[in-house]
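> Let's see this in three dimensions:
(one chain, ligands or ions: 1)
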Amino acid sequence: MRLDAVGKRFPTGVTAVENVSLAIAEGDFLALLGPSGCGKSTLLRMIAGLIEPSAGRLGWQADVTGKVGFVFQEPTLMPWATALRNVALPLELAGTPRAEAERRARESLARVDLTGFEGAYPRMLSGGMKMRVSIARALVTRPRLLLMDEPFAALDEITRHRLNEDLLRLWRDERFTVVFVTHSTFESVFLAERILVMTPRPGRIAAELHVPPGDRATPEFRTSAAYAAHCRAVSHALSAAMAA
Ligand SMILES: Nc1ncnc2c1ncn2[C@@H]1O[C@H](COP(=O)(O)OP(=O)(O)OP(=O)(O)O)[C@@H](O)[C@H]1O
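Predicted coordinates:
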């Protein structure tokens, strides 16, 4: 998909995003990195089609339309429904027969390591497990594009690292396209091949950095010299963007 000079000015007069041009290829793992309030969520919501840009345009490949999954910072599960029913919901809303929806929801829960928790209610699950249910729900329709808005920001570091690894595994296996919003330099380098550094509001793209797949393939990437070097580079780019 392409974004051409996309901008968003809200009726309140706040310009959240300005002049963003970007091409996203099938299978990309892209991070949007920037300080709080720089317009990352606004940009993601425009990519999702949840809000309209006020300038520029977004062009979609026909085969992606309607195949978008969204994961928010809060798991946003229905508290009165089991994990299985929460995950089956998007399919049931699309008219999939109940038995088929349940079968696929079970499969999706298995992909995020939650086999055995189908009957659990959200209040019985830890924060990390609730986030896994939320990811399973986003993946149950087999989206080609997965949009994630600071999904792990509220989790403790150990859980966050584990979910980072699991997300990478899912992405390597299935090669959907990911746009991942974060304000963590470390998380962006660990996950993404393309890191777009944004300026403070109005959010513009100040720099794009790359983490080659070869670097990530090193064992213990998170403690490697290559990881530290990429984090330094991204951190410098972020400081420069903040000062711009
Ligand atoms: N619906 C809206 N109406 C008016 N202003 C809005 C609306 N949504 C967002 N904004 C404003 O746009 C700016 C960018 O917000 P946005 O949520 O996109 O930033 P963000 O980078 O995702 O921030 P955070 O990391 O804190 O979530 C903020 O100043 C916010 O107040």
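> So which residues of the chain form strands?
2-9, 15-23, 29-33, 55-59, 68-71, 145-149, 177-182, 194-198, 205-210 (DSSP state E).
> quick one: buried residues of the lowest-mean-pLDDT helix or strand in the chain?
Of all helical and strand segments in the chain, the minimum by mean pLDDT, DSSP states H and E falls on helix 213-216, at a mean of 87. Buried positions in helix 213-216, judged by neighbour count with 16 or more other Cβ atoms under 10 Å: D215, R216. Quick note: C-beta positions are derived from backbone N, CA and C, even for glycine.
> Then stretch 46-65?
Neighbour-count burial for stretch 46-65, counted by 16+ other Cβ under 10 Å, picks out M46, I47, I51, P53, G56, L58, V64.
> Looking at these, spot the one nearest the ligand.
I51 (7.5 Å; Cβ to the nearest ligand atom).
> which residue sits closest to that closest one, ignoring its sequence neighbours?
R45 (4.8 Å; Cβ to Cβ, 6 or more residues apart in numbering).
> Just to check, the one you found is in contact with E52?
No - when contacts are counted by Cβ atoms under 8 Å, R45 is not listed as touching E52 (9.8 Å).
> coming back round to it: helices and strands around the least confident helix or strand of the chain, which ones?
In terms of contacts (3 or more Cβ pairs under 8 Å, 6 or more residues apart in numbering; DSSP states H and E), helix 213-216 is packed against helix 225-243.
> What are the contacting residues of the helix it packs on?
33-35, 185-186, 188-190, 195, 197-200, 206-207, 209, 211, 215, 218, 221 (Cβ atoms under 8 Å, 6 or more residues apart in numbering).
> pLDDT wise, what is the spatially closest residue to Q73 that is not a sequence neighbour at?
Nearest residue to Q73 in three dimensions, chain neighbours excluded: E150, at 4.6 Å (Cβ to Cβ, 6+ apart). If you check E150, the pLDDT there is 93.
> same question, G49
For G49, the model assigns a pLDDT of 85.
> so where is this structure shaky, pLDDT-wise?
61-66 (pLDDT under 70).
> most distant residue from the middle of it?
A99 (29.1 Å; Cα atoms, centre = their mean).
> picking up where we left off before, as JSON lines, the buried residues of stretch 46-65 with distance to the ligand would be great.
Formatted as JSON lines, the buried residues of stretch 46-65 follow (distance: Cβ to the nearest ligand atom, whole Å):
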{"residue": "M46", "distance to the ligand": "10"}
{"residue": "I47", "distance to the ligand": "12"}
{"residue": "I51", "distance to the ligand": "8"}
{"residue": "P53", "distance to the ligand": "13"}
{"residue": "G56", "distance to the ligand": "16"}
{"residue": "L58", "distance to the ligand": "16"}
{"residue": "V64", "distance to the ligand": "22"}
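> how long is stretch 183-201 end to end?
Using Cα to Cα, to the nearest Å, the span of stretch 183-201 from its first residue to its last is 14 Å.
> Residue numbers of the protein in contact with the ligand?
Taking Cβ under 6 Å from any ligand atom, the part of the chain that reaches the ligand is made up of 10, 12, 14, 16, 34, 36-42, 183, 201.
> tell me the contacts of the most centrally placed residue in the chain?
Ranked by distance to the mean C-alpha position of the chain (Cα atoms, centre = their mean), the top residue is M148 at 2.1 Å. Contact partners of M148, counting by Cβ under 8 Å, 6+ apart, are F70, V71, V178, V179, F180, V181.
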